[in-house]
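Asker: Build the 3D model from these lines:
(one chain, ligands or ions: 1)
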Amino acid sequence: MRHLVTGGAGFVGSHLVAALLARGDEVEVLDDLSGFGHADRVAADRPTAGSRVHPLCAWTHGSVLDPRAVERVVARVDRVWHLAAVVGVPRVLADPRRAVRVNLEGTEVVLDACVAARVPLVFTSSSEVYGDRAGELLREDDPVSPGATTSMRGSYGASKALAEWSLAAVRRTTGLPILVARLFNTVGPGQSAGHGMVLPRFVEQARRGRPLTVYGDGAQRRCFADVRDVVEHLVRLADLDGAYGGTFNLGSRVESTILGLAELVRDLAGTGAEIAHVPWAEAFPGEERDVRGRLPDLSRLAAAVGSVPTTRLETTIAAMLSEGARAAAPAP
Ligand code: UDP
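Answerer: The predicted structure is shown next:
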């Protein structure tokens, strides 16, 4: 089978590409490398634009906003995985319009190409579509609530939600097999500390013996799933014909507070790093408040594939810490 992974050079995308190649499938990647804003993302084993790093993998340097580039690669494959997006709260806040364009228009371009070539599509949406719904179990059929338009953060969740509506409409009118997976907080090896996500930041800070920056009181909660577990479940889901037409929460069911996460990283790193509370208003000036919590109902995923991601957070953090240690080690 031949796949296209848009955003295949990104964090989740590169794990997905590796999983598909590992089972002997062929993979095309379309990526504009815009997620490589920081040197720590470009490890030596990462692809460069246009290079062929694996005999079964072809890389195209291009944007999902370029219909011709998208059509060309979609025409060559049996399944499309559309992961390309502007991700990370700081990047979204820095340029909300770009986030909307890439996430919404980019999906429209990919969708049009899939319809034209009659290629099944797997779309990674986001738990951000639910907005701030602390204390609730979030179900796929719940109304979306990405937030007020005066808060720029909502642009990300709203663009993902609108993209989902477009996919649903196309699914209804054309019968094209389309699968939507709403990814909750996904973490693990290869994740950049440069995009603002909390765990790679804490790992990097602990490794450097710097204070771990907890925004606000640290009582906000998230469920963190290991990227390898997420990708495994995504692939298993996409292999089920019956999953197409459905929308699935995908993530972990285990909640952590952000302060608890900082303490865990500090303890596992053993570097005695301090924990520093940074006021929310200082971390994100102009944004009224943080999302206090997000807990997925995973029963639909469990019913479809028979399991949910369960990798222990300690295991993931240990893998991230040892990866950082490897990167920091002097060349032999
Ligand atoms: N966060 C934090 N310190 C950091 C980065 C993030 O306390 O250095 C917090 C952030 O305010 C949020 C949580 O960690 O409450 C998760 O942030 P992330 O950006 O990883 O994911 P998201 O907010 O999109 O779920």
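Asker: Contacts only, for whichever residue of the stretch 201-332 of the chain sits closest to the ligand.
Answerer: Of all residues in the stretch 201-332 of the chain, residue 215 sits closest to the ligand, at 3.6 Å by Cβ to the nearest ligand atom. In short, each C-beta sits where N, CA and C put it, glycine included. Contact analysis of residue 215 by Cβ atoms under 8 Å, 6 or more residues apart in numbering lists 258, 277-280, 283-284, 290.
Asker: Among those residues, name the ones in helices.
Answerer: 258, 280, 283 (DSSP state H).
Asker: ok, the last one - how many residues close by?
Answerer: I take that to be residue 283. If you count neighbours by other Cβ atoms under 10 Å, residue 283 ends up with 16.
Asker: Nearest to the ligand: which residue in the stretch 1-150 of the chain?
Answerer: Per Cβ to the nearest ligand atom, residue 89 is where the stretch 1-150 of the chain lies closest to the ligand, at 4.7 Å.
Asker: tell me the mean pLDDT over stretch 186-196?
Answerer: Averaged across stretch 186-196, pLDDT comes to 92.
Asker: try stretch 241-255
Answerer: On average, stretch 241-255 scores 97.
Asker: hmm, that stretch in reach of the ligand?
Answerer: No - Stretch 241-255 does not reach the ligand (Cβ under 6 Å from any ligand atom); its nearest approach is 10.5 Å.
Asker: want to try a markdown table for the ones in helices among the contacts of residue 215, with pLDDT as columns?
Answerer: Below are these laid out as a markdown table (pLDDT from 0 to 100):
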| residue | pLDDT |
| --- | --- |
| 258 | 98 |
| 280 | 91 |
| 283 | 90 |
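Asker: restrict those to contacts with the ligand.
Answerer: residue 258.
Asker: Pipe the ones in helices among the contacts of residue 215 into TSV and attach distance to residue 178 per row.
Answerer: Shown next, in TSV, are these (distance: Cβ to Cβ, whole Å):
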residue	distance to residue 178
258	34
280	37
283	36
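Asker: what helices or strands is the helix or strand harbouring residue 229 leaning on?
Answerer: Using DSSP states H and E, residue 229 maps to helix 227-238. For helix 227-238, the contact count by 3 or more Cβ pairs under 8 Å, 6 or more residues apart in numbering; DSSP states H and E identifies helix 11-22, strand 121-126, strand 178-183, strand 186-187, strand 247-250, helix 299-305 as packing neighbours.
Asker: Counting by contacts, list what the first one packs against.
Answerer: On a contact count with 3+ Cβ pairs under 8 Å, 6+ apart, helix 11-22 meets strand 2-6, strand 26-31, helix 227-238.
Asker: Which among these is found nearest to residue 128?
Answerer: Residue 128 lies closest, by Cβ to Cβ, to one member of these: helix 227-238, at 15.6 Å.
Asker: between the closest one and strand 121-126, how many degrees?
Answerer: 140 degrees (axes from the mean of the first three to the mean of the last three Cα atoms, to 10 degrees).
Asker: returning to what we had before: now the residue of the stretch 201-332 of the chain closest to the ligand, which residues is it bridged with?
Answerer: Beta-bridge partners for residue 215, by DSSP bridges, are residue 278.
Asker: Local confidence estimate at residue 332?
Answerer: 41.
Asker: My error: substitute residue 176 in the last question.
Answerer: We have a pLDDT of 98 for residue 176.
Asker: Please tell me I have it right and it contacts residue 123.
Answerer: No - counting by Cβ atoms under 8 Å, residue 176 sits too far from residue 123 to count as a contact (11.5 Å).
Asker: Tell me the buried residues in stretch 203-215?
Answerer: Residues of stretch 203-215 classed as buried: 203-207, 211-215 (neighbour count, 16 or more other Cβ atoms under 10 Å).
Asker: In helices, which of the residues you listed appear?
Answerer: Using DSSP H, the subset of the buried residues of stretch 203-215 located in helices is 203-207.
Asker: how about the residues you listed in CSV, adding distance to residue 184 and pLDDT?
Answerer: Compiled in CSV, these are given as follows (distance: Cβ to Cβ, whole Å; pLDDT from 0 to 100):
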residue, distance to residue 184, pLDDT
203, 19, 97
204, 22, 95
205, 23, 96
206, 23, 95
207, 25, 93
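Asker: For these, give me JSON lines that also has distance to residue 20.
Answerer: Converted to JSON lines, those look like this (distance: Cβ to Cβ, whole Å):
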{"residue": "203", "distance to residue 20": "27"}
{"residue": "204", "distance to residue 20": "29"}
{"residue": "205", "distance to residue 20": "33"}
{"residue": "206", "distance to residue 20": "32"}
{"residue": "207", "distance to residue 20": "31"}
